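Student: Got a predicted structure plus its sequence, pasted below:
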Amino acid sequence: MSEQGIKSAPDLSVRIAGLRLRNPVIAASGTFGYGGEYGGLVDVSRLGAICTKGLTLKPRQGNTGIRIWETPAGLLNSIGLENPGIPAFIEQELPRLREMGPAVIANLSGAAVEEYVGGAALLNGSSVDMIELNISCPNVKAGGMAFGLDPEAAAAVVGPVRRACSAKPLMVKLSPNAPDLAAVARSCVKAGADALSLVNTFKAMAIDVKNRKPVFDNVSAGLSGPAVRPIALRMVWELYDALRTPGKAGKPAVPIVGMGGIACAEDALEFLMAGASAVQTGSATFARPAAMLEIIDGIEKYMRSAGIAGVKYLSIR
Ligand SMILES: Cc1cc2nc3c(=O)[nH]c(=O)nc-3n(C[C@H](O)[C@H](O)[C@H](O)COP(=O)(O)O)c2cc1C
């Protein structure tokens, strides 16, 4: 449905699990630091929201060896969740992040359920607007993606985290590596997820042919960028159908935030048309720090020219 012939500026604001964003473009976790890193380059205040780098209860050094490897249409990364720990984040980074303007989404990671729960409890008492529970990081040896591959393992972490952060909306970030993504998603919703985001990176690898050994110390890494976009889009489309509920006029049980290779407004529009309520952009920012601002402008331009009054009317579902 569209609102044809609008004269005034289209309304780009969206609501995800009760959280209002000024527009549907979110900086993806791990690709925008804590916002300040890009402050001198772009007008960070224009973003809909910023997802922090993956945060763990205690500080993490991250992985040894090479951490980023460029591929013809994407990026392989094996950062290993380097971060200062949640207490230091709340004390040092969060006040600065808050002042920037966009909504703040804390990406919560962990190696064990108790660690996730401890982190969630601390974030619950902080000023973050939402928690994005990362059960899909392929670059840590324990926990991480292991929770996101199996419906029961996912529920075992989502349920306790949900109870530990009852004051915050909880978005669960899914792994494209799950053998049955719809089953994991349904299990997360049943365990209390208010929204779902997808995709995290695809498990992949590279070999350094000159040195005859895998590029990454962990052998495998996570693939992101334009190479994954059509697969990520298909996953968002299918998940929308898998989560449809008759009680909500055929809409999914919870909002879906889509990502994976989004680099321009047309890419973002594809995800919004597939039924995503908002989008995240990650790898594109490394090449073009202003990519997200161009995406916001491009979505607005499209809505204006098509006579579409609100973001939800972009959906073709
Ligand atoms: C260098 C790098 C670090 C990342 N770190 C995290 C992280 O800490 N937590 C997380 O949930 N996702 C992390 N991601 C995944 C992104 O948030 C995003 O899901 C993925 O890259 C797909 O989006 P893109 O193709 O636009 O980059 C990282 C991605 C990259 C490239």
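Tutor: Thanks, I have the structure now.

Student: Help me confirm that E132 comes into contact with L108.
Tutor: Yes. Between E132 and L108 a contact is recorded at 6.9 Å, counting by Cβ atoms under 8 Å. From N, CA and C alone the C-beta is placed, and that goes for glycine too.

Student: Comparing the two, which shows the higher neighbour count?
Tutor: Shown here are E132 and L108; by other Cβ atoms under 10 Å, L108 has more neighbours (32 against 28).

Student: Am I right that that one is in contact with I135?
Tutor: No. L108 lies out of contact with I135 (Cβ under 8 Å); the separation is 9.4 Å.

Student: Show me the helices in the protein, by range?
Tutor: For the chain, helices defined by DSSP state H occupy the ranges 86-88, 94-99, 113-124, 151-164, 181-190, 229-242, 265-273, 283-287, 291-306.

Student: for those, which one sits closest to A9?
Tutor: helix 291-306 (7.3 Å; Cβ to Cβ).

Student: in that closest one, what counts as buried?
Tutor: A291, M292, L293, E294, I295, I296, G298, I299, E300, Y302, M303 (16 or more other Cβ atoms under 10 Å).

Student: Output the residues you listed in TSV, with distance to A227 appended to each entry.
Tutor: TSV is the format used below for the buried residues of helix 291-306 (distance: Cβ to Cβ, whole Å):
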residue	distance to A227
A291	16
M292	20
L293	24
E294	20
I295	19
I296	24
G298	21
I299	23
E300	28
Y302	24
M303	28
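
Student: can you count the residues close to the residue in the stretch 151-300 of the chain positioned nearest to the ligand?
Tutor: Closest residue of the stretch 151-300 of the chain to the ligand, Cβ to the nearest ligand atom: G282 (2.7 Å). By other Cβ under 10 Å, 27 other residues sit near G282.

Student: do the one 5 residues further on as well
Tutor: The tally of other residues near A287 (other Cβ under 10 Å) stands at 11.
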